[in-house]
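Enquirer: just coords:
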C-alpha cells in the first residue's frame, strides 16, 4: 500500500507500554497448567477453576478468559498440546507488562506474556510511474504458465489485513473458510488495503480481461485477517491465524508482516505448520538493515520460513522514499545471510481496496506474495514435493543477481531473484538406490528418477575426493523410478560419490547425489588359539583375527561334534579384531569333540569363515560350579505381559556362570506344573553366559494356558539357578 508503518517488538519482554507502544492493550497471553481453566462445551468463555487465578482476575478486573486456539481446535481437537493457551482480557488502562508479570508468578500458570504488535511491511509511495507488471516478466511467469497455471486444489493462506471480497479480480478465488481474528468473525473484509494488494500479487484472477494478473491463476486464497485497520497486528491474532490456517491443511502461507524480537510461541507455531507440510513465506522487512539490535525480522528470520527481500525492476536491492520509524533510515529492503531469496518489491501493480488497481505498491510485503504464488505453481506442477523440496527448488533455480548489487549487499539477498519458469520446469533428479552412506560391491544398479516436463538429458558421474573420476552414462531418455545405469566397481575400494544431473531444455537443472562405500575385499576370519585338535578345559581364551575395512560384525560360535547341526553363540562383536582376543568360552560341564566357528561379516554382506575342532576334557569342578552360582541371577521375560494376540512366544532371559544340564518348570499360582523343558549343558538354556530359551504359552498337552500369573524356575540338579514371573494374556 501507499503507507509505511513499522513498529516492531520491544527489546525486553516486560518494558512498559509507556516506553514502547508495541503491546496490544488490555490483553495478555497465558498458558495455564492443566485443569486450572476449562472451556465448557458450547460456551465461548473459559471457566477458571484455580482459586489463585480467580484472585488475579478480580485484582485486574479481568472481563474474559478465552481459549487462544479455539478456532483451530474446532478443526483439530486432537491438538491437545494447544488447549491450555488462553487470552486474558482486562481494562485497557492497566499496565500490560505488569499484569503479565503477576500472572507469570502464579503457581497455576506455565507462562504469561504481553501480546506484541506486528506491522505490515509497506512503504511510503515513491514517484516513478511504472505501468507494466515487470515483476511477472522478470520472474518469467509467462514461460512458467506454459507448464502450469496452478491448481484449484491448492490453498494459499494470506495472513494480512483481509481482502476486498467484492473486488472483480477475486471472483471465485476466495476460500469460504476465511476468518477475521481482529474482529472475531467469519468476514475477513479488508479495512486498510494492504491485504488486498498482497492477495492480488499472489492470485488476482488472470486471463479474464480485467485488471492485473496474479502469479497463481487457480489456487484458492484463504484470507486470514490478523492485522487491523492501521496495519497493526497483535501477537495473539497472529498466533491464532497461523494455527487456524495450519488446522485447515493449507499448502502455502504468506506473512507480509514482522517485528524484530524473537518469540518462542511464534517460532513454535511456525515450526508446527512447517512440520505439517506448509510452505511458509514471510517478508524480510523494510528497515534498510542487516539486523536490528542483533536480530533479523520475525517470522522471516526463522530457519523454516522463507525470508524474502525486495529488488526493483533492474534486480537491484529496493530503496524507497520515506524514513523507517524504527531504524531511522531511508526505507529499503532488509538484507543479510538470513535472507533466502529476493523478488520484485518496487512499483508493483496490484489490486486495491475499493475495486481499483494501482502501481504504487512497495515493500517486501509485495515481494513475499510473488514467492508464495510461485510456491503454489511449483506444488501444482510437482504435487509430490514436500515443503522443504519446494524451498530448495525455488532457491536453487533463482537467477543470480549478486553482480548487480553494491559489494556490501552481495551474498545477502538470498540465492537470487526467484525465477518461476525454472522453479516449475519440473525436471526431477532422484537416486533411490544405493542409499546414501550405503555399501556396494561388484556391479551395482543405480536406480532413481530423471524426468520432467521439459526434460532434455541426464548424466550419472562417479566422483572420488570431489573430482569426477568417470561418467557412467549421458542419456536423452527420461527415467521414471527405474534403472539409470549400472556401475562396475571391480578394482575399487573406499568412499565415492554418485551424482545424477538432470537438465531441462531451457537450461535449468536438478541434481541428486549419494555417498557410497565400495568394498570388494572380503573380510578376514582366522582362529590362532586354540589350534585344531587341541585339548582344552575350563574357561579358554580364543584369539585370532576378524577384520574388514567396513566390518559389520563377527560371530564366534561352538557346536557339538565335528559337523555340528546347530551352533551356540560365544560372542557377537561389531569391532574388528586383528591378532587379538575374539572371546572367552566356558567349557566346564562339556566333554568330547566340539567345533569352534568364526564368521566375519562386512557391510556388503560378504563373509569369511574358519573352524577348528577341539577336544574338551571333562572338568572335575563342573558339579561345584552349580553350587558356586552366587545367589539368583537377574532374570526376566520378554515381552511381559505375554500377550499372545501380538506375539507367539516369550523368551526367558538369564545368565549362567557355567554349562549345566538345566530344566525349566512353569507353575500356576496353585502350584500345578504347567510346562517343563530340558536343556543339555552348552546349548541355549544351559550354556555359560546369556541364555534365551522360549515358551509358546501352551501347557504340556499343547493347549493354550488361561490368562493369569505364572511362576517359573530354572534348575540344575537340586539347585535353583533362576526364577521369575510371567503374566499371560490371550
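Expert: That came through, no problem. This one's a predicted model, so the numbers in the text were calculated from it and none came from an experiment.
Enquirer: now the helices: where do they sit in the stretch 201-350 of the chain?
Expert: Using DSSP state H, counting those that start in this stretch, the helices of the stretch 201-350 of the chain run over residues 235-247, 264-275.
Enquirer: mind listing what's buried in stretch 560-568?
Expert: Neighbour-count burial for stretch 560-568 flags 560, 564, 567, 568 (criterion: 16 or more other Cβ atoms under 10 Å). Where C-beta positions appear, they are placed from N, C-alpha and C, glycine not excepted.
Enquirer: that should have said stretch 233-251, apologies.
Expert: So stretch 233-251, judged by 16+ other Cβ under 10 Å, has buried residues 233-248, 250-251.
Enquirer: any low-confidence regions in the protein?
Expert: The chain contains residues with pLDDT under 70 at 1-21, 41-44, 121-132, 426, 453, 506, 619-634.
Enquirer: show me where it has its helices.
Expert: Secondary structure of the chain, counting by DSSP state H: helices at 51-59, 70-75, 96-104, 134-138, 141-147, 194-203, 235-247, 264-275, 364-381, 387-396, 420-424, 622-627.
Enquirer: JSON lines for those helices, including distance to residue 662?
Expert: Below are the helices of the chain laid out as JSON lines (distance: least, Cβ to Cβ, whole Å):
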{"stretch": "helix 51-59", "distance to residue 662": "63"}
{"stretch": "helix 70-75", "distance to residue 662": "59"}
{"stretch": "helix 96-104", "distance to residue 662": "63"}
{"stretch": "helix 134-138", "distance to residue 662": "81"}
{"stretch": "helix 141-147", "distance to residue 662": "72"}
{"stretch": "helix 194-203", "distance to residue 662": "74"}
{"stretch": "helix 235-247", "distance to residue 662": "59"}
{"stretch": "helix 264-275", "distance to residue 662": "52"}
{"stretch": "helix 364-381", "distance to residue 662": "64"}
{"stretch": "helix 387-396", "distance to residue 662": "56"}
{"stretch": "helix 420-424", "distance to residue 662": "69"}
{"stretch": "helix 622-627", "distance to residue 662": "10"}
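Enquirer: wait, which of the ones you listed is closest to residue 471?
Expert: Closest of these to residue 471 is helix 387-396, at 22.4 Å (criterion: Cβ to Cβ).
Enquirer: buried stuff in the closest one?
Expert: 387, 390, 391, 393, 394, 395.
Enquirer: burial count for the residue nearest to the fifth one when sequence neighbours are not counted?
Expert: Going back to what we said before, that points to residue 394. Using Cβ to Cβ, 6 or more residues apart in numbering and skipping the chain neighbours, the partner closest in space to residue 394 is residue 423 (5.2 Å). Using other Cβ atoms under 10 Å, residue 423 is surrounded by 27 other residues.
Enquirer: one step back: residue 163 is nearest to which of the helices of the chain?
Expert: Comparing the helices of the chain by Cβ to Cβ, helix 194-203 comes nearest, at 5.0 Å.
Enquirer: list the helices and strands that closest one packs on?
Expert: Contacts defined by 3 or more Cβ pairs under 8 Å, 6 or more residues apart in numbering; DSSP states H and E place helix 194-203 against strand 155-160, strand 220-225, strand 350-351, helix 364-381.
Enquirer: buried residues in the last one?
Expert: Of the residues in helix 364-381, those buried under the neighbour-count criterion (16+ other Cβ under 10 Å) are 364-381.
Enquirer: for the nearest residue to residue 563 once chain neighbours are set aside, name its beta-bridge partners.
Expert: Distances taken as Cβ to Cβ, 6+ apart place residue 595 nearest to residue 563, at 7.5 Å, with adjacent residues excluded. Assessed by DSSP bridges, residue 595 has beta-bridge partners residue 559, residue 613.
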